[in-house]
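[1] Pasting the sequence and the predicted model now:
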Number of protein chains: 2
Amino acid sequence: MKNNNLSNLPNENKTAYVPFKNTQLKSTKVKRVGPEIQTVTSKMNKMVETIEEAVKKADLRNGMTISFHHHLREGDFVFNQVMETIRKLGIKELTLAPSSLTNAMNEQVIEAIKDGTITSVTSSGMRGSLGEFISHGGMENPVILRSHGNRPRAIETGQIKIDVAFLGVPTTDEYGNANATSGKTIFGSLGYAKVDAQYANKVILITDNLVPYPNTPVSIPQTQVDYIVEVDSIGDPDKIGAGATRFTKDPKELKIAQTVKDVIVHSPYFKEGFSFQTGTGGAALAVTRYLKDEMIKKDIHASFALGGITKPTIDLLEEGLIEKVLDVQDFDRGAAETMAELDNQQEIDASFYADPMNKGAVVNKLDVVILSALEIDTAFNVNVMTGSDGVLRGAIGGHQDAATAKLTIISAPLVRGRIPTVVKNVTTLITPGECIDVLVTEIGIAINPLRKDLLEIFEKIPTIPVFSIEELQARAEKIVGKPKPLEFTDRVVALVEYRDGTLLDTIYQVKE
Amino acid sequence: MKNNNLSNLPNENKTAYVPFKNTQLKSTKVKRVGPEIQTVTSKMNKMVETIEEAVKKADLRNGMTISFHHHLREGDFVFNQVMETIRKLGIKELTLAPSSLTNAMNEQVIEAIKDGTITSVTSSGMRGSLGEFISHGGMENPVILRSHGNRPRAIETGQIKIDVAFLGVPTTDEYGNANATSGKTIFGSLGYAKVDAQYANKVILITDNLVPYPNTPVSIPQTQVDYIVEVDSIGDPDKIGAGATRFTKDPKELKIAQTVKDVIVHSPYFKEGFSFQTGTGGAALAVTRYLKDEMIKKDIHASFALGGITKPTIDLLEEGLIEKVLDVQDFDRGAAETMAELDNQQEIDASFYADPMNKGAVVNKLDVVILSALEIDTAFNVNVMTGSDGVLRGAIGGHQDAATAKLTIISAPLVRGRIPTVVKNVTTLITPGECIDVLVTEIGIAINPLRKDLLEIFEKIPTIPVFSIEELQARAEKIVGKPKPLEFTDRVVALVEYRDGTLLDTIYQVKE
């Protein structure tokens, strides 16, 4: 176990961090911070002609922290327009603190790191060329990786102090009342962006759809907005939810989804009023479909569904099988489109979703969650961040946060191609095993020994093969052989925080 | 002119205050504060059995500040239940900081001041027995009177630091997701309460309608709530909007309303997309009705209506004559009831409504406002706080805030019984004359000499008699005679802040 290793950290990180203890967080006192704002009088005009003018008026200077949301995902046009402008203006040593980074942003981030525009990054994760760049030592300061619940916690307490937030919005009026449920580039919930708008000193909205004052519904209020820029396009609607709504035909994925459904249905949590979070991706959608059939058959209704929302979940809402959808982000256009019409599809911000240090996030109330894994080890620890080559290619997302549910299921194949999923030790620890209850693979399930209650239940169900996690690991190893140990340098490229801000793991530069 | 008089203030107030300068506020830097909260973990339960248990769990102690909202107005059952409990527990030297005080609360406040439970008060105003009690020297510390926009400003900057907020809500779930649009005691918008929930260290919800988790729509979110108490009743629905929807038959009031309408219609602001705020009371409702006829006749639509909302305004919304209603409070059940159904009836908080030190409140965008006056003097200064006897019998409400509109109309009779409305000097300065554009009385109008543009327009309209304000004052004096000068002691009983927190006026104890 190489987590909690503070010894190789740069000095400022070493002193700043408390090592991770456990996932059972205690109630603590938290002093919230507030932004330093410039008041807007009735004579002032928030509309500016260009992003450059907005950056200048917001007085962005060397060493400041900037933020973005990732609601536009692979269809994002905002990030690149803003970063190009900032680089052109020659502003340096910025901390980049977006809710997450998508492939659409990678090249700009890499160039901005190379030319000194960005010198620190905190994100939920990173993939593709940026992951490679960082993992191969492209930036001096380690990236700080935070979950979707940990980010608002860090913002509320001042650990992330956003000087200027650049927020793409599908609709706003000229005073900054914005939402993401109307316009040509809608994405539904502004859940991540709402936190930035509330806490950033300066807030700049970038829109491609300016509407008459006052715009409603108000997701981001005028009282939090400094400047508004109209651009041709904030994103490509076709790429916002790309790939998410695909329904899998892969028999292995369908088998896993079937078993996930069986585990849920046989668990003590599948009863009237239960709640659940599924993720995106083909298998998760299949789970939702299978679960729907069981809910109809047994006349069971869910009190709420949570998380990144997809159209199949909205279908359940519209059919009355789910009472409420609590919506921090929408993964496809179908889910984004209904938010304007459905009263029971409630927009929530990231703090409401998952912040462990407010007065109670929704994840505290969650019964069942299905999560994915790049790796899961024999202690049930999960890695969703680094590949088998040790390179950054994932994101924490809400993984650590939602894993606190009463029944946390990891849905994953034993192996992917020649790469084992079930391993002896995860390359990177993202979600501690003590949170994980059941691993579902295509050949059967493994139950965390901490959950004797579940072991007892599932031993008696002959249709669900139960293995020990060690057995599953051995099976994976038998298929793909013993993986060669990864080699890293002793240079830290990223720090993984647990959701409470303690240091969970360190990620090292890969050896060439 | 006796405003800005700091000489008689108790020491701590003298040093704390900057005297009022002018109503044209400059853009300034403001450092916002945040609450100190106790985090709620998934194992904790927010439901408590009694108000007493909630007060104890919230750790309310001597010297703290408590808050309430006044959305339930004369039908409020929450305040008295809470204050009785606090008094029983023997907690002393509290600062009472509600959004306003209604007659329903008066006796409890008086008793709590007498027994030392409450030693400081800040409010929008006070009436009846409490006004008499304070004006006759019933409390040692002067009451601080703040407008509905000034209060959130003071809260956001830490001048009002709420330790425990007691908020009556018509519906909540057991985790604190609350709204005022469903339940048996609905009042529509939670506009004032939302600010308290966001900034108070501890938030206690008192409800008479507990619903299954998760309750939507979410006006107050679970992330801001510590404890929830269920009681038999939070209020008398029949008294929440008592008197507000009465349509006047008084010919004098109708004449004034007719002239107010004429002033609006002939002003340069009555055009497609204009915005307006009317108040409550019979005359204001008549204005709304007359305005409606003109809007239909001239095919003019309002972009928004603002303020405390009444059913007649909602009727205009439903008929498409108003695009949006921005709703900080509802004055009658009709307006409260539609909020759940009408997407264009947008709930806003008090900061959004009128805070002069955020990034732009709605009042910044307001074209036309109709306000009332107990007194208006020849400098157009308005008093809505003290009677002709010098006794507190009013509230600032949004008066100072909305008076910043492009066209601010005071609608008032020349005299009320034997009491002149138009006077040489107001007893108490609440809204400075430089904000007031037109006074409308039953015999004609007076235009503020600062508004040469309006003078030019209305000189040419023979149907609207234009007087100088001095002429109107002389007419009033002719009817009721010269009022005897009021006599006060030199003891300060209340301080009037302007909306930016500067000291506008002082109110002295009346002579017996």
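    Yep, it's here.
[2] can you pull the contacts of residue A:44?
    B:27, B:360 (Cβ atoms under 8 Å, 6 or more residues apart in numbering or on different chains). For every residue, glycine as well, the C-beta is placed using N, CA and C.
[3] Let's see the pLDDT reported for residue A:284.
    Looking at residue A:284, its pLDDT stands at 82.
[4] could you list every residue that touches the nearest residue to it once chain neighbours are set aside?
    Sequence neighbours aside, residue A:278 is the residue nearest to residue A:284 in space, at 4.4 Å (criterion: Cβ to Cβ, 6 or more residues apart in numbering or on different chains). Residue A:278 is in contact with A:284-285, A:287-288, A:305, A:307, A:310, A:313, A:369-370, counting by Cβ under 8 Å, 6+ apart.
[5] Please repeat the previous calculation with a cut-off of 10 Å.
    A:257, A:260, A:284-288, A:291, A:305-310, A:312-313, A:368-371, A:409, A:411 (Cβ atoms under 10 Å, 6 or more residues apart in numbering or on different chains).
[6] among the residues you listed, which ones are buried?
    Buried subset of the contacts of residue A:278 (neighbour count, 16 or more other Cβ atoms under 10 Å in any protein chain shown): A:257, A:260, A:284-288, A:291, A:305-310, A:312-313, A:368-371, A:409, A:411.
[7] Quick one: neighbours of the residue lying closest to residue A:64 once chain neighbours are set aside, just the number.
    Leaving out its chain neighbours, the residue that sits closest to residue A:64 by Cβ to Cβ, 6+ apart is residue A:163, at 3.9 Å. Neighbour count of residue A:163, defined by other Cβ atoms under 10 Å in any protein chain shown: 21.
[8] Next up, the contacts around residue A:163.
    A:35-36, A:58-61, A:63-67, A:94-95, A:97, A:200-202.
[9] Which ChimeraX command selects the buried ones in those?
    Filtering the contacts of residue A:163 down to the buried ones (16+ other Cβ under 10 Å) takes a single ChimeraX command:
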select /A:35,58,60,64,65,66,67,94,95,97,200,201,202
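[10] just to revisit the earlier point, so for the residue nearest to residue A:284, what's the pLDDT?
    91.
[11] What of the one 3 residues further on?
    At residue A:281 the predicted local confidence, pLDDT, stands at 70.
[12] show me what contacts the closest residue to it other than its chain neighbours?
    Using Cβ to Cβ, 6+ apart and skipping residues adjacent in sequence, the residue nearest residue A:281 is residue A:372, 6.9 Å away. Each residue near residue A:372 by Cβ under 10 Å, 6+ apart is listed here: A:279-281, A:283-284, A:382, A:384, A:394, A:397, A:399, A:410-412, A:421.
[13] next one: residue A:275
    A:269, A:302-306, A:322-324, A:326, A:362, A:365-369, A:405-406, B:213-214.
[14] Distance from the chain centre to stretch A:41-48, please.
    35 Å (Cα atoms, centre = their mean, to the nearest Å).
[15] actually stretch A:444-459, sorry about that
    Distance, centroid of stretch A:444-459 to centroid of chain: 28 Å (Cα atoms, centre = their mean).
[16] Quick check: buried residues in that stretch?
    Buried residues in stretch A:444-459 (16+ other Cβ under 10 Å): A:444-448, A:451, A:454, A:457-458.
[17] Of the residues you listed, which belong to helices?
    Counted as lying in helices by DSSP state H, out of the buried residues of stretch A:444-459, are A:454, A:457-458.
[18] Make a markdown table out of those residues and add pLDDT.
    A markdown table is the format used below for these (pLDDT from 0 to 100):
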| residue | pLDDT |
| --- | --- |
| A:454 | 98 |
| A:457 | 98 |
| A:458 | 98 |
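[19] Enumerate the residues of the stretch 351-500 of chain A near chain B.
    A:351-353, A:355-366, A:404-406, A:500 (Cβ under 10 Å from any Cβ of the partner chain).
[20] Please name the residues that touch residue A:110.
    Contacts of residue A:110 (Cβ under 10 Å, 6+ apart): A:118, A:129-130, A:132-134, A:138-139.
[21] Let me fix that, I meant to ask about residue A:329.
    A:69-71, A:73, A:99-100, A:148, A:180, A:187-193, A:280, A:307-309, A:335-336, A:347-348, A:350, A:353, A:397-398.
[22] Parallel or antiparallel, which strands does whichever strand or helix holds residue A:166 pair with?
    Using DSSP states H and E, residue A:166 sits in strand A:164-169. Note on strand A:164-169: by DSSP bridges, its sheet partners are strand A:65-67 (parallel), strand A:202-207 (parallel).
[23] which helices and strands sit right next to the next helix-or-strand element following the first one?
    Once strand A:65-67 ends, the next helix or strand along the chain (criterion: DSSP H and E) is helix A:78-89. Packing partners of helix A:78-89 (3 or more Cβ pairs under 10 Å, 6 or more residues apart in numbering or on different chains; DSSP states H and E): helix A:51-57, strand A:65-67, strand A:94-96, helix A:106-114, strand A:118-123, strand A:164-169, strand A:202-207, strand A:227-230.
[24] List the buried residues for helix A:78-89?
    Buried residues in helix A:78-89 (16+ other Cβ under 10 Å): A:78-79, A:81-83, A:85-87.
[25] ok, now stretch A:264-284?
    A:264-267, A:269-270, A:274-284.
[26] sorry, back to before: which of the contacts of residue A:110 are buried, as a PyMOL select command?
    The PyMOL command for the buried members of the contacts of residue A:110 (criterion: 16+ other Cβ under 10 Å) is given here:
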select buried, chain A and resi 118+130+132+133+134+138+139
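[27] Out of the contacts of residue A:110, flag the one nearest to chain B.
    residue A:118 (26.8 Å; Cβ to the nearest Cβ).
[28] what's near enough to touch the closest one?
    Contacts of residue A:118 (Cβ under 10 Å, 6+ apart): A:66, A:83, A:86-87, A:91-96, A:108-112, A:139, A:141.
[29] what's across from it in the sheet?
    residue A:94.
[30] With residue B:500 as the reference, measure out to it.
    Between residue A:118 and residue B:500 the distance is 39 Å, computed by Cβ to Cβ, to the nearest Å.
[31] likewise residue A:208?
    Taken as Cβ to Cβ, the span from residue A:208 to residue B:500 is 37 Å.
[32] Show me which of these two is the more surrounded one.
    The residue with more neighbours, out of residue A:208 and residue B:500, is residue B:500; 22 against 19, by other Cβ under 10 Å.
[33] these two touch, right, that one and residue B:28?
    Yes - between residue B:500 and residue B:28 there is a contact at 8.8 Å, judged by Cβ atoms under 10 Å.
[34] Mutual contacts of the two, please.
    In contact with both residue B:500 and residue B:28: A:39, B:356-357, using Cβ under 10 Å, 6+ apart.
[35] how about JSON lines for those residues, with pLDDT, distance to residue A:469 and secondary structure added?
    Listed next are the shared contacts of residue B:500 and residue B:28 as JSON lines, based on pLDDT from 0 to 100; distance: Cβ to Cβ, whole Å; DSSP: H, G, I helix; E, B strand; the rest coil:
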{"residue": "A:39", "pLDDT": "98", "distance to residue A:469": "57", "secondary structure": "coil"}
{"residue": "B:356", "pLDDT": "98", "distance to residue A:469": "61", "secondary structure": "coil"}
{"residue": "B:357", "pLDDT": "97", "distance to residue A:469": "57", "secondary structure": "coil"}
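[36] Buried ones among those?
    A:39, B:356-357.
[37] OK, contacts around the residue of the stretch 401-512 of chain A found nearest chain B?
    With Cβ to the nearest Cβ, the shortest gap between the stretch 401-512 of chain A and chain B falls at residue A:404, namely 6.4 Å. Taking Cβ under 10 Å, 6+ apart as the contact definition, residue A:404 lies against A:23-25, A:149, A:354, A:356, A:361, A:363-364, A:366, A:369, A:431, A:435, A:499, B:41-42.
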